[in-house]
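1. I would like to see how this sequence folds:
(chains A and B)
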There are 2 protein chains.
Amino acid sequence: MAERPMWDQIGTSFVQLYYQQFDTNREQLGALYTDASCLSWEGQQFQGKASIMEKLMHNITSQDHQPAPDNCILSMVVGQLKVDNDPVMGFHQMFVLKNMNDKWICSNDIFRLALYNFA
Amino acid sequence: MAERPMWDQIGTSFVQLYYQQFDTNREQLGALYTDASCLSWEGQQFQGKASIMEKLMHNITSQDHQPAPDNCILSMVVGQLKVDNDPVMGFHQMFVLKNMNDKWICSNDIFRLALYNFA
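-> From the prediction side, this is the model:
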């Protein structure tokens, strides 16, 4: 079996690290962002190391990775999240990963709940 | 009211054009891709001007755009599609748009149905 391409390995590792840290050790997530990073969370725009995140647990249904311009890696994640006793909600989130000084950082982050898709 | 930033205007125009052409004049879509463009469609990888697309009608629920590295624009679309008499299916699709020779082309395209998210 052919070895998976490097961008697929990096993307998969990032996704695993991101959601593991989000769910167990959220303050570590700041290291993945720079002050130029963008976050779109349910239509609200944020820039810089995101300080406002809610306590959510994630299950990943699918993930896709592609090599993108400027040696970036593009990743899309589809999954579910569960808050307390609320019903499970679907979400989709995408990232652009960029190599800066031999470290992969998150340059772009877009998050949407599937909640309103069938309203 | 502040004028919307250029990347937001370009991203919104691209999304409108893409789904309009997809639904009414699909053969025109090839002009938006180059031979280096990547498409991930439900986990299958394609490269080059995508020739295999199914006949689907799209309704857009939300769209997000961000400026990305290398002067690219990153777009995520959440919506529904309806095929014949089948139930409505949710989808999410993301694009990286890149300016080449004063023309915006689609460098990356990732598509997933929401179908299996709650299986």
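2. residue of chain A with the smallest distance to chain B?
-> residue A:70 (3.3 Å; CB to the nearest CB). The C-beta positions use only the backbone N, C-alpha and C, and glycine is treated the same way.
3. Show me which residues of chain A are close to chain B?
-> A:38, A:40, A:43, A:61-62, A:64, A:66-70, A:72, A:74, A:76, A:78-80, A:88, A:90, A:92, A:94, A:96, A:98, A:107-108, A:110, A:112, A:114, A:116-118 (CB under 8 Å from any CB of the partner chain).
4. Buried subset of those residues, written for ChimeraX?
-> Per 16 or more other CB atoms under 10 Å in any protein chain shown, the buried members of the residues of chain A next to chain B correspond to this ChimeraX selection:
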select /A:38,40,61,62,64,66,67,68,69,72,74,76,78,79,80,90,92,94,96,98,107,108,110,112,114,117
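5. Which of the residues of chain A next to chain B fall in strands?
-> Here DSSP state E is the test, and the residues of chain A next to chain B give A:38, A:40, A:61-62, A:64, A:66-68, A:72, A:74, A:76, A:78-80, A:90, A:92, A:94, A:96, A:98, A:107-108, A:110, A:112 as lying in strands.
6. picking up where we left off before, correct me if wrong: the residue of chain A closest to chain B contacts residue A:98.
-> Yes - using CB atoms under 8 Å, residue A:70 makes contact with residue A:98 at a distance of 7.1 Å.
7. what sits in contact with each of the two?
-> Listed as contacting both residue A:70 and residue A:98 by CB atoms under 8 Å, 6 or more residues apart in numbering or on different chains are residue B:69.
8. what bits of chain A have low per-residue confidence?
-> Across chain A, the ranges flagged by pLDDT under 70 are A:1, A:49-56, A:84, A:115-116, A:118-119.
9. Any idea what residue A:98 is bridged to?
-> In this entry, residue A:98 is beta-bridged to residue A:105, by DSSP bridges.
10. what residues are up against it?
-> By CB under 8 Å, 6+ apart, the neighbours of residue A:98 are A:70-72, A:104-107, B:69.
11. how about JSON lines for those, with distance to residue B:31 added?
-> Output for the contacts of residue A:98, formatted as JSON lines (distance: CB to CB, whole Å):
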{"residue": "A:70", "distance to residue B:31": "23"}
{"residue": "A:71", "distance to residue B:31": "26"}
{"residue": "A:72", "distance to residue B:31": "24"}
{"residue": "A:104", "distance to residue B:31": "33"}
{"residue": "A:105", "distance to residue B:31": "34"}
{"residue": "A:106", "distance to residue B:31": "32"}
{"residue": "A:107", "distance to residue B:31": "28"}
{"residue": "B:69", "distance to residue B:31": "24"}
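12. out of those, who's nearest residue A:21?
-> Relative to residue A:21, the closest of the contacts of residue A:98 is residue A:106; by CB to CB it sits at 11.6 Å.
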